[in-house]
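1. what's the 3D shape of this:
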Amino acid sequence: MSRPRLSVIIPCFNEEATILAVIRRVQDVAIKGVDREIIVVDDGSTDRTREVLSAADGVRIVLLERNGGKGAAVRAGFEAAQGDILLIQDADMEYDPADHPAVIAPILDGRADFVMGSRFLYEKPTFFLGERRSPLFTHYLGNILIIRLTNLLYGQSATDYEGAYKAFSREALRRAGPIEAAGFEFDNELVCKLLRRGLRMAEIPIRYHPRSYEQGKKIRWHHGAKMLWTIARWRWRRF
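-> Numbering: from 1, shown residues only. I've put the predicted structure just below:
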């Protein structure tokens, strides 16, 4: 019996300070019984990201000439991937690749068709006290709106739809069909379509170390508005 193959997709845009460290951290994680490929998709970076990537070994690099958004980069990564399981890895240092084995385990075990990593199952965020306090209170409020709307419209009880770690079987992606979104709402459209198809979802706890806007965080309030519209739109739209 052939070994399962994991494709780790790393979309990046202007991440010259972190991309090599993220690649190395992914490479340092051994997953027993699983072959792996790492695909980095540069989404038209305008800083030194492409120059930095030239020093990366053991990865496949896809270069997009124009910045099309995170969803466009993830889609390009999916198209290039050859794995049985596809996992999305952000190019910043907010998420720990040591969680990869846990994220893909439900798919390997046949318990799920896709897996979402939940930051809130691992640790409840704090905003005012302690060394681990998050600087992004408004983001948390936006997350609560996204969680409640998705659970209400799709009959779910998930705890986090915006955690960056998501993994999918190749068959699940095939059944979801083409994804129209090109921005941060790509994940929402994909997940909503998978839920509409009745595919099995699992959640697992993941670690999260949020960065600030000064450190390069890119998502803004208007992206959240697009996510909410996407969730509502795909509840009834035919596909």
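2. In terms of secondary structure, what does the lowest-mean-pLDDT helix or strand in the chain contact?
-> Ranked by mean pLDDT, DSSP states H and E, the weakest helix or strand in the chain is helix 119-122, scoring a mean of 85. Identification of packing neighbours for helix 119-122 by 3 or more Cβ pairs under 8 Å, 6 or more residues apart in numbering; DSSP states H and E yields strand 201-205. Where you see a C-beta, it was placed from the backbone N, CA and C, and this is true even at glycine.
3. and the next element down the chain from the strand it packs on?
-> helix 221-236 (DSSP states H and E).
4. quick one: which helix or strand includes the spatially most central residue of the chain?
-> Central residue of the chain (Cα atoms, centre = their mean): residue 164, 3.5 Å from the mean position. If you go by DSSP H and E, residue 164 is not part of any helix or strand.
5. Hmm, residue 88 and it touching each other?
-> Yes - with contact defined as Cβ atoms under 8 Å, residue 164 counts as touching residue 88 (6.5 Å).
6. if we can go back for a sec, ok, the residue nearest to the centre of the chain - contacts?
-> Residue 164 makes contact with 88-90, 94-95, 117, according to Cβ atoms under 8 Å, 6 or more residues apart in numbering.
7. Please report how far it lies from residue 155.
-> Counting by Cβ to Cβ, to the nearest Å, the gap from residue 164 to residue 155 is 24 Å.
8. Tell me the helices and strands packed up against the helix ranked longest in the chain.
-> Scanning the chain for the longest helix, with DSSP state H as the assignment, gives helix 137-154. In this structure, helix 137-154 packs against helix 186-196, helix 221-236, with contacts taken as 3+ Cβ pairs under 8 Å, 6+ apart.
9. so where's the protein shaky on pLDDT?
-> 1, 123-139, 210-221 (pLDDT under 70).
10. phi, psi of residue 61?
-> Phi and psi for residue 61, reported as degrees, to the nearest 10, are phi -120, psi 130.
11. Tell me how many other residues crowd it.
-> Using other Cβ atoms under 10 Å, residue 61 has 15 neighbouring residues.
12. does the closest residue to it other than its chain neighbours sit in a helix, a strand or a coil?
-> Distances taken as Cβ to Cβ, 6 or more residues apart in numbering place residue 40 nearest to residue 61, at 5.1 Å, with adjacent residues excluded. Of the three states, residue 40 takes strand under DSSP: H, G, I helix; E, B strand; the rest coil.
13. My guess is residue 40 contacts residue 55. True?
-> No - in this structure, residue 40 is not within contact of residue 55 by Cβ under 8 Å, at 12.0 Å.
14. Tell me which residues touch residue 38, please.
-> Listed by Cβ under 8 Å, 6+ apart, the contact set of residue 38 reads 8, 10, 23, 26-27, 58-60.
15. Beta-bridge partners for it, please?
-> Following DSSP bridges, residue 38 is listed with bridge partners residue 8.
16. do you know how far it is from residue 71?
-> 20 Å.
17. you'd agree residue 74 is in a strand?
-> No - looking at residue 74 with three-state DSSP, it is helix, so not inside a strand.
18. Next, give phi and psi for the residue lying closest to it once chain neighbours are set aside.
-> Closest residue to residue 74 apart from its sequence neighbours, by Cβ to Cβ, 6+ apart: residue 11 at 5.2 Å. Reported as degrees, to the nearest 10, the phi and psi values for residue 11 are phi -80, psi 140.
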